[in-house]
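Trainee: Pasting the sequence and the predicted coordinates here, then a few questions.
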Amino acid sequence: MSVYTQLDHKQFDSILSQYNLGRLHAFEGIAAGIENTNYKITLNTSDGQAPYFLTIFEQLHKQELNFFIPFLAHLKTQGCALPAPKANMNGEFLFQVGDKWGVIFECLAGHHLDTVSADHAHIIGKELARIHSSAQSFPLSHANPRGYYWLQKQAHCDTLVINQKDRALLQQELTAMQSQWQQWGNNAELEKSFIHGDLFVDNCLFLDNGTLSGVIDFYAGGLDYCIYDVAICIMAWARTTEHKIDDAIATAIVQGYESVRSLNHDEHQYLPQFIRLAVLRFWVSRLIARTDQQGAALTTVKNPDEMKTLLLNLE
């Protein structure tokens, strides 16, 4: 359940008094998500009723949100598909509840996909390139919190719950990746931008006609290699039920991406290695989630072994 911070009608009224959006008609807590408190609110307006999402950030601090929220507003003005943050009557995005900060977002129509087609993959590849290109004109920067050095640190953590054989495999892979990462760091052809870093199917909303309504949950992202984000997207969207990469879906993602931003020779060349890095990153993050949730009730943790199997199946 993702309603960690409980709000009552009076508190909603106090928050909404800072905005020119309408008066509260109804609210309900949203169970989706893990890290934040989310409410769907319905407001009475002069034109009828309008839905919005109200998010209270349980982990992100004001300094981080002062990057992310204006950044999302910037992407929206550049034509990217995402829920726009709403400014209050003073032109500010953030409101405060106790020691936490919140934002009101527009409510997008759409749903998560049950089945991914090549058309969907082409669309999301195109949108990913649009995000990378649009981010270049934003004046602020934010380091990738789940980058390579985070991965190295977490993978060698003694508290990680992993058997000896799997730990040896993980460390073998990361040792092999170390010289490759140093080589990439000296390669000016590998362009960087803000990467989403978590562009799984459940972080996108599509309409019934197949149109992309919006991309959500940018808060795991930051400055990193564009091709790494493409690799994460391929790993997330092209993974089959047998935990292999569907080449047709992967190709559609790349073709969609290149319809907006062309990949250069080095980006094409290193894509397989970045896919491998992406799998390692999410194997470790799932191991961490499983470790953190030992003994916790009513918590769904994605199976880390799916990522290990995918890693072993990569060519």
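Mentor: Looks like it came in fine.

Trainee: tell me the strands in the stretch 151-300 of the chain, going along the chain?
Mentor: 192-195, 204-206, 212-215, 222-225 (DSSP state E, counting those that start in this stretch).

Trainee: Put together TSV for those strands, with mean pLDDT, mean neighbour count and distance to L60 on each row.
Mentor: Any C-beta I mention is one placed from the backbone N, CA and C, and that applies to glycine too. Converted to TSV, the strands of the stretch 151-300 of the chain look like this (pLDDT from 0 to 100; neighbours: other CB atoms under 10 Å; distance: least, CB to CB, whole Å):
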stretch	mean pLDDT	mean neighbour count	distance to L60
strand 192-195	98	23	16
strand 204-206	98	22	21
strand 212-215	98	20	18
strand 222-225	98	19	12
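
Trainee: Can you give me the domain boundaries for this structure?
Mentor: The chain breaks down by automatic domain parsing into domains covering 9-106, 118-313.

Trainee: and R286, what does it touch?
Mentor: Residues near R286 by CB atoms under 8 Å, 6 or more residues apart in numbering: 301-304, 306-307.

Trainee: can you check H112 too?
Mentor: 201-202, 204-206.

Trainee: I'd assumed N303 was in contact with A289.
Mentor: No. Using CB atoms under 8 Å, A289 is not in contact with N303, being 10.2 Å away.

Trainee: ok, these two, which is more surrounded?
Mentor: Per other CB atoms under 10 Å, whichever of A289 and N303 has more neighbours is A289, with 15 against 10.

Trainee: So which residues of the protein form helices?
Mentor: For the chain, the helices defined by DSSP state H cover 9-16, 62-77, 118-135, 148-155, 164-185, 226-237, 247-258, 265-292, 304-313.

Trainee: Just tell me which of those ends up closest to T45.
Mentor: helix 9-16 (11.5 Å; CB to CB).

Trainee: want to throw the strands of the stretch 151-300 of the chain into a markdown table with distance to A231?
Mentor: Output for those, formatted as a markdown table (distance: least, CB to CB, whole Å):
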| stretch | distance to A231 |
| --- | --- |
| strand 192-195 | 10 |
| strand 204-206 | 17 |
| strand 212-215 | 17 |
| strand 222-225 | 9 |
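
Trainee: so which of those strands comes closest to G22?
Mentor: Here strand 212-215 is closest among the strands of the stretch 151-300 of the chain (CB to CB), at 21.4 Å.

Trainee: Let's see that closest one as CSV, backbone CA atoms only.
Mentor: Provided in CSV are the C-alpha atoms of strand 212-215 (Å, rounded to 0.1, in the frame of the first residue of the first chain):
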residue,chain,number,x,y,z
LEU,A,212,1.5,6.6,-25.8
SER,A,213,-0.2,8.7,-23.2
GLY,A,214,2.9,9.2,-21.0
VAL,A,215,6.1,8.1,-19.3
